[in-house]
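Asks: need a structure here:
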Amino acid sequence: MLRTLLEDRFRLAVHRESKELPGYALVVANKGFKLKPVEPGGPGGTESKGGPVVTLTGNKTLIAQLAGALARSLEQPVVDQTGIDGVYDFELRWTRNDKISTTIRSPNDTDDTAAELAPSVFTALPQTLGLRLQPQRVAVEIVIVGHVDRLPTEN
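Replies: Next up is the predicted model:
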């Protein structure tokens, strides 16, 4: 309905194209998938909390939903190529920083210290879930605006 309105009033002309962009394929890690499926049904999905340490929590989550959440967090396309069915519960924590510290955390440590202790997403995924991100070119559907008028036509 909104698209029709924009086409009528602003002479909007769009089309979709598939384009290959740098991104990641989510695949099973060498040591195997680590999660056990949970019973489907009821509410599910992912929740992400940002900051120096990112926490991604999944409740009755499909692996495709995990790939989507990772894509949003990494701001890169991520496609699910695991072939894994079912829904899973998980908590994945990683730092946005590339530094990884091996010091032991004390109760007085700040969030900045926690960021130094948390692994990168490329380390956390195989350790926690048994999955890994494999860099590759990924087909992404994009919307191309061919034309739009600045002022709407009158009713």
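
Asks: contacts and neighbour counts: CA atoms only from here.
Replies: Fine.

Asks: so where's this protein shaky on pLDDT?
Replies: 97-116, 155 (pLDDT under 70).

Asks: swap in 50 and give it another go.
Replies: The model of the chain has pLDDT under 50 over residues 98-108, 111, 113-115.

Asks: can you show me the CA trace of the strand or helix carrying Trp94 as PDB?
Replies: Assigned by DSSP states H and E, Trp94 belongs to strand 88-95. Taking Å, rounded to 0.1, in the frame of the first residue of the first chain, the C-alpha atoms of strand 88-95 are listed here in PDB:
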ATOM      1  CA  TYR A  88      18.700 -23.400  19.900                       C
ATOM      2  CA  ASP A  89      19.300 -21.400  23.000                       C
ATOM      3  CA  PHE A  90      22.700 -19.800  23.400                       C
ATOM      4  CA  GLU A  91      24.700 -16.800  24.700                       C
ATOM      5  CA  LEU A  92      27.600 -15.500  22.700                       C
ATOM      6  CA  ARG A  93      30.000 -12.900  24.000                       C
ATOM      7  CA  TRP A  94      32.700 -11.100  22.100                       C
ATOM      8  CA  THR A  95      34.600  -7.900  22.000                       C
END
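
Asks: who does that strand pair up with?
Replies: Applying DSSP bridges to the sheet, strand 88-95 is found paired with strand 53-61 (antiparallel).

Asks: contact partners of the partner strand?
Replies: Outside strand 53-61, the residues within contact range by C-alpha atoms under 8 Å, 6 or more residues apart in numbering are 38-41, 43-49, 66, 87-96, 111, 114-115, 118.
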